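*Asks:* One predicted model, sequence on top.
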Amino acid sequence: MSGVTIQKVKIEKEKGVVVLPILEYKKLLQQSIPTHYLYGKDAEKLDRLVEEGLKEYKAGKTIKAKSLKEALKIYGKRRAFHDCHSY
């Protein structure tokens, strides 16, 4: 069996280390993501929203940003520009 060496500085910097078998890690990962199922009108509403978003994406109407804050800032500037230039 081979050993693994981890620098003490790295452990201290990361505030600890956890060693798990892959299968156990995968189980924990799956359990950490909540699963939600929608039915009826809620599901249809979400389907339409996704469809509309994909159409806007394909048409180039979406905003590329690194964060939600940045996206809102860009959106606000675009909206202000269009409000000023619409007659």
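*Replies:* Happy to help now that I have it. Residues are numbered from 1 along each chain as shown.

*Asks:* longest helix of this protein?
*Replies:* helix 40-58 (DSSP state H).

*Asks:* tell me the secondary structure for residue 75?
*Replies:* helix (DSSP: H, G, I helix; E, B strand; the rest coil).

*Asks:* ok so, going back, would you mind listing the outside residues contacting the longest helix of the chain?
*Replies:* 38, 62 (Cβ atoms under 8 Å, 6 or more residues apart in numbering). To be clear about C-beta, it is placed using only N, CA and C from the backbone, and glycine gets the same treatment.

*Asks:* tell me the mean pLDDT over the strand or helix carrying residue 29?
*Replies:* Secondary structure from DSSP states H and E places residue 29 in helix 22-32. Mean pLDDT, helix 22-32: 90.

*Asks:* which helices and strands does that helix pack with?
*Replies:* With contacts defined as 3 or more Cβ pairs under 8 Å, 6 or more residues apart in numbering; DSSP states H and E, helix 22-32 has no helix or strand neighbours.

*Asks:* chain center to that helix, what's the gap?
*Replies:* Centre-to-centre, helix 22-32 and its host chain are 19 Å apart (Cα atoms, centre = their mean, to the nearest Å).

*Asks:* go on, stretch 35-49?
*Replies:* The answer for stretch 35-49 is 19 Å, by Cα atoms, centre = their mean.

*Asks:* Buried ones in it, by neighbour count?
*Replies:* Neighbour counts over stretch 35-49 (16 or more other Cβ atoms under 10 Å) mark no residue as buried.

*Asks:* which regions of this protein lie under the pLDDT threshold?
*Replies:* 79-87 (pLDDT under 70).

*Asks:* again, only this time at 90
*Replies:* Residues of the chain meeting the criterion pLDDT under 90: 1-6, 18-19, 29-38, 60-64, 71-72, 74-87.

*Asks:* what does the helix holding residue 29 rub up against?
*Replies:* Helix 22-32 is contacted from outside by residue 20, using Cβ under 8 Å, 6+ apart.
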